[in-house]
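Enquirer: coordinates only, sequence not included:
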């Protein structure tokens, strides 16, 4: 194998393909592009009145307090699975307050 001079194409053994593209970076980029993006760490579900429920999946212990407390709001068979408009603000605050992992949080708007 000879060393390349400034005008020669890059050496394939140096991690580049025939076009001079870094082959290792290309394959890593291709595999990253093939998978869907990660969901946001914290999701926010807002009501029309400005109040909102936030959910941080990484904290969830799956105790089920939310689903048992307000099944019309927290329904894992629906998308989105949290629909805060289906309960009163007080009911949301009460049930979300029972979340042992604090994965759920409730925000009242300034008007509420």
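Expert: Cool, got the structure. What you are looking at is a predicted structure, and each value in this text was computed from that prediction instead of being measured.
Enquirer: around the spatially closest residue to residue 104 that is not a sequence neighbour, how many other residues sit close by?
Expert: Of all residues not flanking residue 104 in the chain, residue 96 sits nearest, at 4.7 Å (CB to CB, 6 or more residues apart in numbering). (C-beta placed from N, C-alpha, C; glycine too.) A count of nearby residues for residue 96, using other CB atoms under 10 Å, gives 25.
Enquirer: likewise for the one 4 residues further on?
Expert: By the criterion of other CB under 10 Å, residue 100 has 10 neighbours.
Enquirer: I'd say it and residue 62 touch.
Expert: No: Residue 100 is beyond contact range of residue 62, at 10.2 Å (criterion: CB atoms under 8 Å).
Enquirer: so where's the protein shaky on pLDDT?
Expert: For the chain, the stretches with pLDDT under 70 are 1-33.
Enquirer: so how far is residue 88 from the residue nearest to the spatial centre of the chain?
Expert: Geometric centre of the chain, nearest residue: residue 39, 1.8 Å, by CA atoms, centre = their mean. For residue 39, the distance to residue 88 (CB to CB, to the nearest Å) stands at 28 Å.
Enquirer: swap in residue 81?
Expert: 19 Å.
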